[in-house]
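In: Everything below, folded, please.
(chains A and B)
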Amino acid sequence: MPTPVRRLLVPVALLALAAWWLSRPQPLPASALPAHTASVVNGERLFHSGGCASCHGSVTGDGIDGRQLGGGLAMETPAGTFHVPNISPHPADGIGAWSDLDFVNAMRRGLSPEGRHYYPAFPYTSYARARTEDLLDLKAYMDTLPAVEGVAPPHALKPPFNWRRPIGFWKRLYLDEAPVHPGPSDEAERELGRYLVEGLGHCGECHTPRNVALAMDTTRWLMGAPLPAGEGNAPDISGGPDGIAGWSVSELVDYLETGVDPDYDIVGGEMVAVQENMAKLSPEDRRAIAVYLKSVSSE
Amino acid sequence: MKHGLIIALTGSLAFSIAALANPGDPIEQRQELMKNTREALKPLMGMRKGEIPFDAATVGDSLATFADAAEHFGALFPEGSETGHDTEAKSTIWSDRAGFDEKLEDFGTTVAAVQASSPGSLDELNASLKDILGTCKGCHDGYRVDKD
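Out: Numbering: from 1, shown residues only, chains lettered A, B, ... in the order given. Here you go, the predicted structure:
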C-alpha cells in the first residue's frame, strides 16, 4: 500500500467512527415515562388535532376511513414515494405490540422500536413538542380502534434518500423540542394554541417553507410554501400582512369549524381533511389556535 | 314555491345572458357562477351566526342559486380550459372527469333534497347547510387547487 494512502487510513477511520457516533439513534430512556393514568377522551381530541387518520387511515373506495388505521396511502415527494404504514393496534401488521416507550420514541425522537431512524415525512419534527402524558393519552385512544390487517409496501426512495443513517445528522440540526414562537407565560389561551399548532397539529409542516436540507425554515414560520406533492400552495397563515392579518379571530374560528372563509369561499385540497378534523375539536381549542396564529409574525 | 321558481328562472336567464355575452370563455363563466354561489351563501352563514334573522324566502333564493350552479357548472370545464385567468381548477378535473362529475352531482342532489324539504327553522337550515358545505368540500378536496 502506498504511504499517502496508509497515512490517511487512521484519520478516515476516525472520521467514519465519529460520523457513526454522531448519527446514532438517541431514544428516550424508560425513566422518561411519567406515572400517568391515560385519558382516552383527551387522546381522541389529540388524535383529531394531529389529523392522524388523514395520512394513516385505510384507503378505501370512498376515500380515507378515519377509524381504520391500516395505512397504504402513497405520498409522492421530491425524495421518492413513501407508503404510509399501518398504525392500527394489530399486533403483527400494526403497532399493537408496541410499548408506551416505543410509541413515545416514535413520536418524539423519530425512532422505530428497533431503534432505526424514521424519515421526517412522518412529522416527528413537530410531534417532538408534544407532552409525554398527551402521547400516552393518544396511544390509549388509538388502542381502542379496530386492528386492521395488511402491511404497506416499502418506501420507494431515490438515492441517497434510501439510506437512513444520515437522518441522525439531520436530526441533530433540525429536531428541536423548543417552542418556535413562545409567548408570554401568562397568556394561557395563546399557549394552548401554540401547543396545538406547533406540536401535534403540525401545521408548520405544510405552511412553513423548507430550506435546502428540506427542514422547516423557522425564520419564515407559517408564511406559506408550495405543497410538497401536486399543485398549489399551502398559504401564509401567519399573522403578517400576507397571511391572516385581515381575518378576525372569530372569522378564523368559523373557518376552522365550517370551512367557509371570510369571502364565503370554501376550503379545498389537503386542507379539507385538516379543517374537518379541526371541526371535531372544542370551540376553546379552535379559538386558541386562532389566537396563536394571529400572534405569529416575522418581527 | 312560485317565488323560488321565478328566482330560478331569472337565475338561468341571467346565466344565459352572461353566456351569450361571453361565449368563448368558460373560465370566466364558471368563475362568475362560483361568485354567485358565494354571494348566495353569505346570508345563510349570517343566519347561522345569528347576525341576521332566519328568513325562509331568502333561504329559498340561495338554494335556487345553488341549484342553478349545480346544473350549469359541469358544461363549463371543456377541454382547452385548463389554464388561464388564474383558474384554480385542478388538472384532475380532466384526468378524472367521471369522479368530478360525480362530486358535482352530489352537490346537485343534496341541494335538490334541501329544496324539497324547504328548511323552516334555523336548526333545519344549519343541518342542511352542513350537508351542502360537505358536498362543496367533497369536490374542492380533489378538483380544486389553492393558489393564494
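
In: Which residues of chain A lie near chain B?
Out: Contacts of chain A with chain B, taken as CB under 8 Å from any CB of the partner chain, map to A:230-235, A:254, A:258-260, A:263-269, A:271-273, A:275-276. To be clear about C-beta, it is placed using only N, CA and C from the backbone, and glycine gets the same treatment.

In: Would you show me how to pick out the buried ones of those in PyMOL?
Out: Selecting only the buried entries of those in PyMOL, with 16 or more other CB atoms under 10 Å in any protein chain shown as the criterion:
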select buried, chain A and resi 232+233+234+235+254+258+259+260+264+265+266+267+268+269+271+272+273+275+276
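
In: can you tell if the host helix or strand of B:Val114 touches chain A?
Out: Using DSSP states H and E, B:Val114 sits within helix B:97-117. No: judged by CB under 8 Å from any CB, helix B:97-117 and chain A are separated, with a smallest distance of 11.0 Å.

In: List of residues touching that helix?
Out: B:4, B:60, B:63-64, B:66-67, B:70-71, B:73-74, B:77, B:92-93, B:124, B:128, B:131-132, B:134-136, B:138-139, B:142-143 (CB atoms under 8 Å, 6 or more residues apart in numbering or on different chains).

In: could you flag which of these are buried?
Out: B:4, B:60, B:63-64, B:66-67, B:70-71, B:73, B:77, B:92-93, B:124, B:128, B:132, B:135-136, B:138-139, B:142-143.

In: What part of chain A, helix or strand, is modelled with the least confidence?
Out: Ranked by mean pLDDT, DSSP states H and E, the weakest helix or strand in chain A is strand A:63-65, scoring a mean of 69.

In: The buried ones among the contacts of helix B:97-117 also near chain A: which ones?
Out: Applying CB under 8 Å from any CB to those, those adjacent to chain A are B:Cys136.

In: Looking at the buried ones among the contacts of helix B:97-117, which are in helices?
Out: B:4, B:60, B:63-64, B:66-67, B:70-71, B:73, B:92-93, B:124, B:128, B:132, B:135-136, B:138-139, B:142-143 (DSSP state H).

In: so A:Phe82 makes contact with A:Ala74?
Out: Yes: assessed by CB atoms under 8 Å, A:Phe82 is found in contact with A:Ala74 at 7.4 Å.

In: okay, the two: which has more neighbours?
Out: A:Phe82 (22 against 14; other CB atoms under 10 Å in any protein chain shown).

In: what residues does the helix or strand that one falls within touch?
Out: Assignment of secondary structure by DSSP H and E places A:Phe82 within strand A:80-83. With contacts defined as CB under 8 Å, 6+ apart, strand A:80-83 is touched by A:71-75, A:119, A:121, A:152-158, A:161-162.

In: isn't there a helix covering B:Met34?
Out: Yes: assessed with DSSP: H, G, I helix; E, B strand; the rest coil, B:Met34 lies in a helix.

In: What number of residues are in the vicinity of the closest residue to it other than its chain neighbours?
Out: Of all residues beyond its chain neighbours, the one nearest B:Met34 is B:Ala69 (7.4 Å), with distances taken as CB to CB, 6 or more residues apart in numbering or on different chains. Residues lying near B:Ala69 (other CB under 10 Å) number 22.

In: Much appreciated, bye for now.
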